[in-house]
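1. Here is the input, now give the coordinates:
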Amino acid sequence: MSPTKPSTEQAVADAVSVLPKATVADVAVVAKVSRSTAAKMLARLKRAGKAQHTSGERDGARRQPDVWRRITDEYTADSPPAAAKPRALAPRTA
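-> Numbers count the residues shown, from 1 in each chain. Here you go, the predicted model:
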């Protein structure tokens with residue numbers, strides 16, 4: 001029995017997971033889908049809170065592509081990782 005092919009959304013999510021700074025074109029190549037499909041699936045993942053993107057920076061007059069990354073269960077856009085949460089300062093003793 002041959003292994004089943006993952007859904008397009010899962011293939012895109014997996015591609016974003018393995019690429020540290022993924023552009024839509026990078027995701028499309030790794031997930032083996034078109035750039036249009038990759039962009040649509042990334043937007044769907046973003047709406048579901050499973051992916052986040054950073055707008056591309058400027059290089060002179062040229063705009064660089066947006067960079068995508070997957071949001072894991074322990075880190076979401078609204079809550080920083082536990083290690084990064086601010087701690088209450090201990091009171092001074094003298």
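2. Run me through the strand neighbours of the lowest-mean-pLDDT helix or strand in the chain, direction for each.
-> Using mean pLDDT, DSSP states H and E, the weakest-scoring helix or strand in the chain turns out to be strand 58-59, at a mean of 82. Counting by DSSP bridges, the strands paired with strand 58-59 are strand 62-63 (antiparallel).
3. How about residues contacting the helix or strand following the strand it pairs with?
-> Beyond strand 62-63 on the C-terminal side, the first helix or strand identified by DSSP states H and E is strand 67-70. Outside strand 67-70, the residues that touch it by Cβ atoms under 8 Å, 6 or more residues apart in numbering are 13, 16-17, 20-24, 27, 42, 45, 50-54, 56. In short, each C-beta sits where N, CA and C put it, glycine included.
4. Just the C-alphas of strand 67-70, formatted as PDB.
-> Taking Å, rounded to 0.1, in the frame of the first residue of the first chain, the C-alpha atoms of strand 67-70 are listed here in PDB:
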ATOM      1  CA  VAL A  67       9.000  36.100   4.700                       C
ATOM      2  CA  TRP A  68       6.800  33.500   6.300                       C
ATOM      3  CA  ARG A  69       7.200  31.200   9.300                       C
ATOM      4  CA  ARG A  70       5.000  28.700  11.100                       C
END
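5. Tell me the buried residues in it?
-> 67-68, 70 (16 or more other Cβ atoms under 10 Å).
6. Please work out the average pLDDT along it.
-> Averaged across strand 67-70, the pLDDT comes to 89.
7. just stretch 19-27 next, same as before
-> So the average pLDDT for stretch 19-27 ends up being 89.
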